[in-house]
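[1] Fold the stuff below for me.
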Amino acid sequence: MVETPDGLRPPDDPRDFLHIAPELERIAEVEFVPLLNKDSTNMHPRDWALIAEAVCARRNQGYAGFVIAHGTDTMHFSSSAVAFALGANLNFPVVFTGAQTIPSVAHGDARINLVRATKVSLTNLAEVVVSFGDYIFRGCRVQKKDERRFDAFESPGYFPVGYISEEIELHPTAKTRAAREEPLDFRPQFAEGIIQVALIPGLEPEIIVPAIEADICRGVMLQSFGWGNVPSEPPFSFEEVIRHSVYDLAKPVIITSQFPAHTTVGSAYAPGLRAVKAGAIPTGNMTNAAATAKFRWILAQVESDIRAGTLLESEKIRAVRDGMGRNFVGEMD
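    Sure, this is the predicted structure:
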């Protein structure tokens, strides 16, 4: 970001990154692509597709890897979405990075994160990652944890896939380049019309019913208290809302957790079991960002199959449930 009288904004020209870190040209032959120029607060699913399409279009043009400079507010959503779009056969690194400070802060992290991400893009990695501070996180396992500290991201349900010291150290769990490259399973479509509700004690389910019944709504996310637990005692029970959405409206409902290191599958508690029996779909130990991107991604494919006549409308909920339960790019245990 650069300072202006109207506040912080992205630079007008991406080549300004060379003013931030002139050593980039000593590390690699760098080409800058002015793809998007916006605050990450304003990112949306069509932007995720645009990033993935830009990478896919250049995959056979001799690049060792790709670095995506991205704002920190929604980086974990974008890295998750791009991981799904590029698929499990990705055979090169796609590295997201950003900064907690603007480049004019001499002791800040803007320059060093950009340099480190470029180094990471030259490694043997073959997946979408977030390089931030000393760590390399799987892109679909990361979430933002702090607004000011330089260690702004964490991976609560999975080890970092690499560490940045004098050398770039990749963890054995990191996906690395295969000797024989498979065709890219490129699917950059993401459904719109998803509503997410973070559950709080005493939330009246009737409040969200009009939103669910609106034509624009195509799917529902309930962010539970943990372990997939959803209120089940009247008048605050969400069981009827789940049934109404799933069985009356054919709009799938998924359950994420406010504590993403904990699973929403196999809850031993009655409220969680009753939500699943009512028709809700658990998301395992995915982060909320990964579950959001995956839900949009799966739903887009299911709706495309219905339009093409290869899937019946009556099979929609089952298809979404099957897709959400499948591990595509290491997003869940």
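[2] for this protein, what spans make up the strands?
    With DSSP state E as the criterion, the chain has strands at 2-4, 7-9, 66-69, 94-97, 128-132, 135-138, 143-144, 153-154, 162-164, 168-170, 194-198, 219-224, 253-257, 281-282.
[3] Pick out the residue closest to the middle of this protein.
    Nearest residue to the geometric centre of the chain (Cα atoms, centre = their mean): Ser80, 2.5 Å.
[4] what's the spacing between that residue and Arg141?
    Taking Cβ to Cβ, to the nearest Å as the measure, Ser80 falls 8 Å from Arg141. Glycine gets a C-beta too; all of them are placed from N, C-alpha and C.
[5] Now the common contact residues for the two.
    Residues touching both Ser80 and Arg141 (Cβ atoms under 8 Å, 6 or more residues apart in numbering): Thr287, Ala290, Glu331.
[6] which residues does the second one contact?
    Residues in contact with Ala290 (Cβ under 8 Å, 6+ apart) are His76, Ser80, Cys140, Arg141, Glu331, Met332.
[7] can you do 10 Å?
    Each residue near Ala290 by Cβ atoms under 10 Å, 6 or more residues apart in numbering is listed here: 76-77, 79-81, 83-84, 138-143, 157, 256, 260, 283-284, 329-332.
[8] can you give me the helices in this protein?
    Taking DSSP state H as the criterion, the chain carries its helices at 17-20, 24-27, 45-57, 75-86, 110-120, 209-213, 239-243, 270-277, 288-308, 316-324.
[9] State the number of residues packed around Ala81.
    Ala81 sits with 30 neighbouring residues when counted by other Cβ atoms under 10 Å.
[10] hang on, it packs against Val94?
    No - with contact defined as Cβ atoms under 10 Å, Ala81 and Val94 do not form a contacting pair (11.6 Å).
[11] Common neighbours of the two, please.
    With Cβ under 10 Å, 6+ apart, Ala81 and Val94 have common neighbours Ile51, Ala52, Val128, Gly139.
[12] For those residues, pick the one with the most neighbours.
    Going by other Cβ under 10 Å, Gly139 tops these with 33 neighbours.
[13] Look up how far Phe159 lies from Phe77.
    In terms of Cβ to Cβ, Phe77 sits 21 Å off from Phe159.
[14] neighbour count winner among the two?
    Phe77 (25 against 15).
[15] what's the more buried one in contact with, if anything?
    40, 43-45, 47-48, 70, 143-144, 287-290, 292-293, 296.
[16] And Asp39, by the same measure?
    Met1, Gly7, Leu8, Arg9, Pro10, Gly71, Asp73, Thr74.
[17] re earlier: any chance of the shared contacts of Ser80 and Arg141 in a markdown table with pLDDT and distance to Ser314 as columns?
    Converted to a markdown table, the shared contacts of Ser80 and Arg141 look like this (pLDDT from 0 to 100; distance: Cβ to Cβ, whole Å):
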| residue | pLDDT | distance to Ser314 |
| --- | --- | --- |
| Thr287 | 93 | 31 |
| Ala290 | 96 | 28 |
| Glu331 | 96 | 28 |
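[18] Make TSV out of these and add distance to Leu273.
    Shown next, in TSV, are the shared contacts of Ser80 and Arg141 (distance: Cβ to Cβ, whole Å):
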residue	distance to Leu273
Thr287	23
Ala290	23
Glu331	24
